[in-house]
Structures are given as C-alpha cells and as structure tokens.
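In: Fold the following, please.
(4 chains)
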2 protein chains.
Amino acid sequence: MIRRRRRVTIADVAEVANVSAMTVSRVINNKDAIKPETRQRVMKVIDELDYAPNHIARSLTGSRSYTIGVIVVDIANPFFAEITAGIETVAWQHHYNVILCNTQEDPRRERQVMRMLEAKQVDGVIVCSTRLADDDLPRLLEMFPACLLFNRETTAKDANVVMLADAAGIVRLVEHLEAGGRRRLGMIAGGSRSHSAQARLDGFRSATNGDDALIEHIETAHIHTGFRAAQTLLARQPDLDGLVCHNDLAAVGAMQACMTHGKSVPGDIAVVGCDDIPLASLISPKLTTLRVDRRVLGELIARNLFAHIDGEQPTRRQVIRHQLVIRDSAP
Amino acid sequence: MIRRRRRVTIADVAEVANVSAMTVSRVINNKDAIKPETRQRVMKVIDELDYAPNHIARSLTGSRSYTIGVIVVDIANPFFAEITAGIETVAWQHHYNVILCNTQEDPRRERQVMRMLEAKQVDGVIVCSTRLADDDLPRLLEMFPACLLFNRETTAKDANVVMLADAAGIVRLVEHLEAGGRRRLGMIAGGSRSHSAQARLDGFRSATNGDDALIEHIETAHIHTGFRAAQTLLARQPDLDGLVCHNDLAAVGAMQACMTHGKSVPGDIAVVGCDDIPLASLISPKLTTLRVDRRVLGELIARNLFAHIDGEQPTRRQVIRHQLVIRDSAP
DNA sequence: ACTTCCTATGTTAACGCTAACATTCCTTCT
DNA sequence: AGAAGGAATGTTAGCGTTAACATAGGAAGT
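Out: Residues are numbered from 1 along each chain as shown, chains lettered A, B, ... in the order given. All right, here's what the predicted structure looks like:
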C-alpha cells in the first residue's frame, strides 16, 4: 500500500562523487581526516542530489535512535500538555524527536506502550504519573538506556526522578491560612490512585492535626464534585473558616458551595486551590493557589533525561517546589 | 554513552528452537504455511526468551515504520492537545506510534521537522494549521507516503484535507443573533496569519453587509485584547446590539468591556464567542459559542490518514461543521 | 634509499529483519 | 512406480549505514 519514493542513498552520492561510501559517511559525520578538496566535492554532490541520511538505518547500526518516548496519562490535560511542550523543546535542541504515548490511565496500555517504545529502540523514556504497580515498574523501566519518572518514586536502577513538592506546597498553604488567622481548616482531598492526591493529603495532615472528620474525599476533582464535597463537609463542620482543596476546579466548586451555605469568601471562610489553572484568576473572588511553571518543568525534566543519555552525571532526584499565588479567596 | 542491553534476536530464537530464522519470522508474522507443531515450539521459545521484534530493523526492510508524525503549532494549546489525543487513540488502534512535533509557529522549524520525519521514515504526517507558504508546502508534503492537512488547503498531490467550517459557523451565529432581533452587529476579528481567523472574518462579512467600520482586529486573541478591542469598537459604534468575537477569550474580555460601558449582556448587547473553551460555561453570563468535539475531530483526522496509508480510497476533502451552543450571553 | 609513520581513502562485515528464490519431503494421481 | 504438485522449511541477499580493519601514498628521518 505504502509507496515510498526512492531515497537518495550514500551509495548514490559516493558513485557520483567518485569516492567510497565510507568517505561520504565520514564527510556527513565530520569524522576522521578528509582532504578539504574531497569534502567539498562530496558536499556539492550531497547538495545536488538532495541527499539526507536515513535515520532508520543509522539507528540500526549506531547506538542511538535520536528518539525518546514520553508517556503521559492524558495529553488533553493542560498540565501534561504544557509539560510535553517543554520536553519537546529541549528534545529538539538535542536533535531528538518525541514519540508521544497517551495511556488514558490504563496500566495495561502503559505496559504495552513501553514494550513498543523499547522495540522502537528509543534512547530514553519520560514517564509522567504512571499508574503501574511498584512490582511491575522496575523491570519495564530497566529496558531503556535512560529513563525519568515524573511524580513517582521507584526502586528501578538508573531511574531518575523529578517530584513536585506537593506536600510541602500544601503545608505552605496551610501556614498562609493560619497566618491569616484561620483556625479551623478542612480539606477536600483528591482521588486515591494519584500520587499527588496522596501527597497533598499527607501535607495537609502533617500541617494540621489531621482530624479525619475535617477531610472530605472526591474521586475525580471537578467543579461539581468539589461543590458536593464542600456541601457535605460544611454540613458536618459548620464552623470551618478555611478550606484547602485538592485542585483549583474543586476549589471553584467549593467556593460556590460556601456561598450557597451563606458563607462569604474570604470573609467567613478562606478557600485555596492548587495548580493555578487559567480559571483561577478569572473567577471572582480570584483564587489563591499553588503554581508551577509547567513548561519550565517539562524543560527541566527533559534536561535531566538528556544528561543521563549523554552520560553526564544526572541528578538522581530533583524536587520542584510550588510557588504560592496569593489572591482574593485567601488574602 | 548509551548502553543498550543486548536484545534477543530472531537468530537466538531460531537457534534454540532449532529452525531457520525465516521460520521464526514466518511464525511471528503469521505468514505462509507452518506446521502447527513447529509453530508451537517456536512460540514457546519466543516466550521463554522474551523475544520481541526489533522495529527499527523491520522498518529498514519492510515498507512500514508504524510511525506517523503529527505537527502542531502549539501542543500546549488545549485545542491541539485534544486533537492530538484523538489522533493518538486511533494511531494506537492501528498499532502505530505518534512522533509529536511542536513548531511554535515557526515555518523554518516546520520545514526542518518535516525533513527529520521523512528521514525517520514515517508512514504519514498530519499537519495542523501549518504556517508554511503555499509554494513550499507541496514539495515538503510529497516526501511522505501519506499526508493530511488540517485547516489548510494545498495543491500538493495526494494530500487529504480536513477543514473546520469556520465561515459557515460564524454565519450561523450571525443568523442566530438576527433571529434574536439584533440588528447592528460588530465583530472582533483575529490575527491575520491564522487561517481560521480569516475564515471567521469572511463568514462575518458575507453574513452581514461587511461594513469595515463594524470590525475591530486583534493580533492575538486574549481576554485583555478582546476587552480593549471592544472598548474601541463601542466608542466608535455606541449603538451596537450584537458582537461576534473571534474566540471565547476575546468574547469574555468583550463582555467585560460592554459592562464597563454601561451595556448589559445580553439585555443591551448580545455577545458570542467561538470554540467553547471550559471558561465559556463558567463565567456569568454563560457564553453562547460554537463547539467542535476536538477529540472526535482528532480521531476523524487520524482515520482519514490511515485510510490513505492502508490504500483505501480516502476522502480527499472533509469539512467539519461547528455545533451552535446557545447560552445566556445571546439566548 | 629504506624504514617509519602519518594522512587519506578503501574494503568488509555487521546491525536484525524479510523478500525472493531454492530445496526437501510428502501426498496424490495416472 | 514415476510424475506432479503442494506443504514446510531453508538459503541468499539486501535494506542503508557505520565500526573496524586494511591499504595506498607521501613526508620525514636516518
């Protein structure tokens, strides 16, 4: 079915330039000594024939495929889309391409994707928020010459890790609320499967006294789930004066619930979110939240991976702290 | 630098199973006749050695690389991120991977990216909203066995095209406004470089009488640029009772400008946007706008490309219509 | 002049796989 | 029994590139 147009090969160039294939290869790769005159002649032919090296063949002989894999749970999620943008930028700077794999939170698919990437001989993988079990992960990651895990710890050898300091971020939010005089804080916590939800919850527990009656869980964090959770929580704990939410969407819902409950934000109760999505600064009152520059985060992640690929001593474990964004909902 | 662990090859399997490499290849590919007994034996060895075919080598001999390229101007833009998610889903169904390339609106980079993808022997490319000039595009696209252009026409041979019916969508918005009794409509039009901005403007001009005094241009469509443009327009045309905006962000800004101007939405003036971003249904008044299911659009785009790759007669030109989403800002 | 030692280039084989052709060994038919 | 034909498997070569080794030719030293 696929009809590929015949490509110009090194052999073609060699014939026209009247040298051996190896000489052409050397010219292309700037390797060994080549007489300037020969180099020029070869270059001219390359130009005339519009020759470009076949990367597939190169990958077969050489040690590199100049391709990395990026595995995300959902590329349609702006969080991962922006990280991916950052990764792609750095990859391109290193003359690399990115094979993007969306797992849709399915660990089985994640496993298949990894095997496929290995079969395609990628030089490294970046795995964002994997849903794979601890006992599966190391074996899979160790297939790759280099790998980097975002927001997940692992025992795999040679795996670098970049973590968001979710717990620390929530601690800062709590401290900010307490500095503002808030004394009775509740939390709307996220789904149990996700690493960050667990970390944020841990942060809240360690910063407060961790009374479980002050915590309400939601499986997926959206405006309406945040709304309902806040309603439940406020019914149970009417005297709350601060509310920490797993993310901004939940916080938006929670604010609406507070107002429905006759509590003004931030007058009667302060509400904070996490992530600083665009909506956070567009609603009223504007939301106090945590921010990370996700594009820069992606660049940092990619740089860490390429350090590994290039054999430099990469940072085994890097922790990225959130920035506290103070707005009207918790001034 | 890169140390790849030695892979199990067909030769290894062949040796252990005591057959020729070709027989193993046949078993893997379900080709030709194989004695059931032999097949079983080979399968067992494949399983024991955990053999997986090397896709790079396959690509070199075979006609397919089982990889497509997706070129977008900005993957961090949710519009393209969701389309990409749809594309990836379908690609995976076809046992394909996606090389994602972000061009950041730079035509030079786009050209380089295409050459790279060709060198990596992708079986097809999807190009979203290219910024390349008409005289460059065909030559580049014709390098690929299959290609699909989103939101851009071209004279390239064998290029399929999927277009959004932007103009028709705006016409429908205008008709909706007029059906609601609005008589004097203005427009905030988008940047000149983008195809869709041009199409939306054309739609507006053809549906109204196209008085240029009623149109205000912004280079990049954001809330604040929409706000400013609406202010300028309202100062010039105080009696407007309907405002069509290039996209939702601009519309949000425009609504704010209307209110600043003492005009209520939708009482005094109706405002409509385009794209149906999440914010559209979250602000007050909720925004009337045009919607396209972007994930489904991505799936459709990918299916079109794979039809081409698989040699079926693909649809040369497909036009996708928006759906009118009527909300409070223009009921 | 002869060895030595670079510099510039060539030759061969291999990467892992499969297309294309070749061979072997049955079965079936006359 | 011998021919014919199909099923099962093997052999060879090639995809485009580069690593590794081989060779030619010239400059320099003795």
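In: contacts, neighbours, all on C-alpha from now
Out: OK.
In: Could I get the pLDDT score of the nearest residue to A:Ala21 once chain neighbours are set aside?
Out: Beyond its immediate neighbours in the sequence, the residue positioned closest to A:Ala21 (CA to CA, 6 or more residues apart in numbering or on different chains) is A:Ala14, lying 5.1 Å away. Here, the pLDDT recorded for A:Ala14 equals 94.
In: which residues does the closest residue to DNA strand C within the stretch 151-300 of chain A contact?
Out: Going by CA to the nearest atom of the strand, DNA strand C is nearest to A:Asp158 of the stretch 151-300 of chain A, at 22.0 Å. The contact partners of A:Asp158, taken as CA atoms under 8 Å, 6 or more residues apart in numbering or on different chains, are A:Glu142, A:Ala146, A:Cys147.
In: what about the closest residue to A:Ser129 other than its chain neighbours, distance to chain B?
Out: Distances taken as CA to CA, 6+ apart put A:Asn151 closest to A:Ser129, at 5.5 Å, once the chain neighbours are dropped. A:Asn151 sits 20 Å away from chain B, taking CA to the nearest CA, to the nearest Å as the criterion.
In: Quick one: name the residues of chain A near DNA strand D.
Out: Applying CA under 7 Å from any atom of the strand, we find that chain A lies next to DNA strand D at A:6-11, A:21-22, A:25-26, A:28-29, A:52-55, A:57-58, A:60-62.
In: now those residues: which count as buried?
Out: Judged by neighbour count, with 16 or more other CA atoms under 10 Å in any protein chain shown as the criterion, the buried members of the residues of chain A next to DNA strand D are A:7, A:9-10, A:21, A:25, A:28, A:52-55, A:57-58, A:60.
In: From those residues, which land in helices?
Out: In helices, judged by DSSP state H, the following of those are found: A:Ile10, A:Ala21, A:Ser25, A:Ile28, A:His55, A:Ala57, A:Arg58, A:Leu60.
In: which of the residues you listed lies closest to B:His308?
Out: Proximity of these to B:His308, judged by CA to CA, is greatest for A:His55, which lies at 23.7 Å.
In: so that closest one touches B:Arg115, yeah?
Out: No - judged on CA atoms under 8 Å, A:His55 makes no contact with B:Arg115 at a distance of 10.8 Å.
In: Quick check: nearest residue in space to A:Arg327, chain neighbours excluded?
Out: A:Thr288 (4.5 Å).
In: What pLDDT is listed against the one you found?
Out: 97.
In: For it, which residues count as its bridge partners?
Out: A:Thr288 has these beta-bridge partners by DSSP bridges: A:Val272.
In: and DNA strand C, which of the ones in helices among the buried ones among the residues of chain A next to DNA strand D reach it?
Out: Restricting those to contacts with DNA strand C (CA under 7 Å from any atom of the strand) yields A:Ala21, A:Ala57, A:Leu60.
In: The helix or strand harbouring A:Met259 - contacts with which helices or strands?
Out: When secondary structure is defined by DSSP states H and E, A:Met259 falls within helix A:248-260. Under the contact criterion of 3 or more CA pairs under 8 Å, 6 or more residues apart in numbering or on different chains; DSSP states H and E, the helices and strands touching helix A:248-260 comprise helix A:223-236, strand A:242-245, strand A:270-272.
In: List the pairing partners of the next helix or strand after the last one within its sheet, with orientation.
Out: Toward the C-terminus, strand A:270-272 is succeeded by strand A:289-291 as the next helix or strand (DSSP H and E). Here strand A:289-291 is paired, per DSSP bridges, with strand A:323-325 (antiparallel).
In: and the partner strand, what's its mean pLDDT?
Out: Mean per-residue pLDDT for strand A:323-325: 96.
In: Same check on stretch A:147-156?
Out: 92.
In: Over to stretch A:79-99?
Out: Model confidence over stretch A:79-99 averages 97 on the pLDDT scale.
In: By proximity to DNA strand C, which residue of the stretch 51-200 of chain A wins?
Out: For the stretch 51-200 of chain A, the residue positioned closest to DNA strand C under CA to the nearest atom of the strand is A:Thr61, at a distance of 3.7 Å.
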